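Participant: prediction below, plus the sequence it came from.
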Amino acid sequence: MEFYPTLPADAIPAVQCGGAPAGMIAVRPGGLCRPGRGGVSALVAAPGAAGAVASGEPLVFCHQVTVAPAVVRRGGEVQAGGWLPDHVTLGVLEAHLPAGEIAELIEDFGCAEARRRLLPAELAVRLVLAMTLLPDADVTEVFRRAAGLLEHLPWARPWHVPHPEALTRRRDKIPAELFEALFWQVAGPIAAPTAPGMRWNGLLLCAIDGFQTRVPDTPENREYFGSSGTADNSSPFPLVRAVVAAAAGTRGALGVEFGPSAAGEQTLTRRLVAARPEVFGPGRLFLMDRNFPGFALIARIRREGAHLLMRVKSDLSLPLAEALPDGSYRSYLSDGSSRISVRVIEYDVKVPGQDGADELYALATTLMDWRAYPAGELAGCYPNRWKAVETKIGEDKSAITDAGPSRGPILRSANPHQVCQEMWAWMTAAQLVRIHACQAAQAAGAIGARHGNRGPRPGPVTPAQVSFTLTRREAIRAMTQTLITSAVSAEALADAAGRTSSRILARLLPSRPPRHRARRTKCRQQFPSTSGPVPTTTGAASTTIYPAGQIIYADGHTDPTTAPPARPGLGDTS
């Protein structure tokens, strides 16, 4: 039973939307009555119902849904004034958007309506954001979950869930650039650069990587985005290719760029650097895999001030300019007319339970001071690329898994314009979830983080210990239970955020020892495998730095008497 507090008609002028206190409401069942002659009306508190409560006395417990002016009908029925879409929010996630930002963007992009609509532009924007976090819900269900308990209020002006096609038509009139602008309002490292775990040797640790995700197989999507894996564009689904830059400490998105599947990762990264050079500003160290190093891209990022730590392909060798005491050596990249100085670190990693080296690595970095940035520390820093951006991509894809006609992550939009909308909305919604997770981690000291039934968890809580999936579910629950609307007070907002944070902190991710598993499969199969389970070993891996002047051969042995062969330089591999 939900109780919607109303006030007598003579008190309406004194009502201030958002002025209701936070917390649950308890009222005597006999103190509630339904005024009027049988029409649709809210229950109201009868005069004299207040007073001291005795232990054992039955009470009706309910929570505030929203604050709206009362409308008293001629028959005495009490209803809620206003318009339902004006009260809908994204729950606790809405608190992480600048106040009034969606309304301002709608005004700036010319999407504002002159009259009240069943599906106004503000509600349409929120529905697209919510849709990217609700893979199990169709459009009608997204409507109902976003409206939550507001749908059950006795509104003086009735509202009903529109037909799903109404959202499709409404989205066609909203520019994708609106969602892009909304993303850049929340993009960033989330936590302060000085927060624990954000910096390595004074540099903000960042990573960049690319991914692809499927979109519905419509003629428009296939023509615009194309597919991968076949020469004749006959793959089952068209694909969007994206590049994302993230902060390692929080997995917060620093920037995103996307396009057709044929667009290369270097091409998309260059577009991101050109459009948002502040993402690659001074004081940041970007970790990159083997697909990214190209002279033009590296030179552009260095001009913006950021440093790079990147893995180079096994068939590339860099000329030895000077051997350094930490085992690295100075080298350079060249496009034939200019050079970029780099240091090269060559090493292998041995993991427990496996014979010999697991894999040979060659890293190039623009950090030339070997005393401030020793080779061993750089080798230990590089695995943060997996912890940061690859884990972020996997978590983001979990929010849209099973959203389409096939298993796995897929978007829902049937034309390129709406796919671009949904991509920006997806990145925005995932960023809002991470902001809430980081705030929950920061509040752990005041709330008291608990780990299962084992009592309070000792020590500070880091954002990496907070589950993305659990935070997403709590955020959706706050929205569907209508804990926060546009009319609630700041106190009610803080109360709802504190309650969701408490539930998030009650199930922190456990700290596990290092685990190692052969890379035979990329996902769990839906049917039993005939090759047997892949063994998993635990234990710390050991890193061996190969001193400058040694060649690493394909079979792993080295020749200390022979220097690496010189190479004219590394051209742009795009």
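Facilitator: Thanks, I have it. These numbers were taken from a predicted model, which means no experiment stands behind them.
Participant: quick one: contacts for the nearest residue in space to Gly197 that is not next to it in sequence?
Facilitator: In this structure, Gly197 finds its nearest non-sequential neighbour in Gly249, 4.3 Å apart by CB to CB, 6 or more residues apart in numbering. Every residue, glycine included, has its C-beta placed from N, CA and C. For Gly249, the residues meeting the contact criterion (CB atoms under 8 Å, 6 or more residues apart in numbering) are 189, 191, 195-199, 205, 462-464.
Participant: ok, those vs Ala146, which is closest?
Facilitator: Nearest to Ala146 among those is Pro463, at 26.7 Å by CB to CB.
Participant: how about the closest one, what does it touch?
Facilitator: Counting by CB under 8 Å, 6+ apart, Pro463 makes contact with 190-191, 197, 249-251, 434, 437-438, 441.
Participant: let me know the closest of the residues you listed to Leu178.
Facilitator: Arg434 (21.6 Å).
Participant: these two touch, right, the closest one and Ala464?
Facilitator: No: at 10.8 Å, Arg434 and Ala464 do not qualify as touching, with contact defined as CB atoms under 8 Å.
Participant: how far away is Arg270 from Cys62?
Facilitator: 56 Å (CB to CB, to the nearest Å).
Participant: who's more crowded, the two?
Facilitator: When Arg270 and Cys62 are compared for neighbours, Arg270 comes out ahead with 20 against 16, by other CB atoms under 10 Å.
Participant: need the residues touching each of Arg434 and Ala464.
Facilitator: In contact with both Arg434 and Ala464: Arg251, using CB under 8 Å, 6+ apart.
Participant: for those two, indicate the residue with more neighbours.
Facilitator: A side-by-side neighbour count of Arg434 and Ala464, using other CB under 10 Å, places Arg434 first with 28 against 18.
Participant: check contacts around the nearest residue to the more buried one once chain neighbours are set aside.
Facilitator: Spatial nearest neighbour of Arg434, chain neighbours left out: Gly252 (5.6 Å); criterion: CB to CB, 6+ apart. Gly252 makes contact with 187-191, 246, 431, 434-435, 438 under the criterion CB under 8 Å, 6+ apart.
Participant: can I get these in JSON lines with distance to Gly294?
Facilitator: Compiled in JSON lines, the contacts of Gly252 are given as follows (distance: CB to CB, whole Å):
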{"residue": "Ala187", "distance to Gly294": "24"}
{"residue": "Gly188", "distance to Gly294": "27"}
{"residue": "Pro189", "distance to Gly294": "26"}
{"residue": "Ile190", "distance to Gly294": "29"}
{"residue": "Ala191", "distance to Gly294": "31"}
{"residue": "Ala246", "distance to Gly294": "21"}
{"residue": "Gln431", "distance to Gly294": "28"}
{"residue": "Arg434", "distance to Gly294": "30"}
{"residue": "Ile435", "distance to Gly294": "33"}
{"residue": "Cys438", "distance to Gly294": "33"}
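Participant: okay, those residues in TSV with pLDDT and distance to Cys381 next?
Facilitator: Listed next are those as TSV, based on pLDDT from 0 to 100; distance: CB to CB, whole Å:
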residue	pLDDT	distance to Cys381
Ala187	97	24
Gly188	95	22
Pro189	95	17
Ile190	93	20
Ala191	87	18
Ala246	97	15
Gln431	97	24
Arg434	96	22
Ile435	95	25
Cys438	93	22
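Participant: just the closest of these to Ala124, please.
Facilitator: Nearest to Ala124 among the contacts of Gly252 is Gln431, at 19.9 Å by CB to CB.
Participant: gap between the residue sitting nearest the centre point of the chain and Phe183?
Facilitator: For the chain, Ala430 is the residue whose C-alpha lies nearest the centre (CA atoms, centre = their mean; 2.5 Å). Ala430 sits 10 Å away from Phe183 when distances are taken as CB to CB.
Participant: what do those two both touch?
Facilitator: With the criterion set as CB under 8 Å, 6+ apart, the overlap between the contacts of Ala430 and Phe183 is Ala253.
Participant: how deep is the residue lying closest to Trp83 once chain neighbours are set aside tucked in, by neighbour count?
Facilitator: On the basis of CB to CB, 6+ apart, the spatially nearest residue to Trp83 that is not a chain neighbour turns out to be Arg116, at 5.5 Å. Around Arg116 there are 11 other residues, counting by other CB under 10 Å.
Participant: same check on Arg371?
Facilitator: Under the criterion other CB under 10 Å, the count of neighbours that Arg371 has is 8.
Participant: ditto for Ala52
Facilitator: Around Ala52 there are 5 residues (other CB under 10 Å).
Participant: same question for the one 5 residues further on.
Facilitator: Counted with other CB under 10 Å, residues neighbouring Glu57 total 10.
Participant: just the one 3 residues further on next, same as before
Facilitator: Neighbour count for Val60, taken as other CB under 10 Å: 16.
Participant: is it in contact with Arg28, as I believe?
Facilitator: Yes: counting by CB under 8 Å, Val60 sits close enough to Arg28 to count as a contact (7.4 Å).
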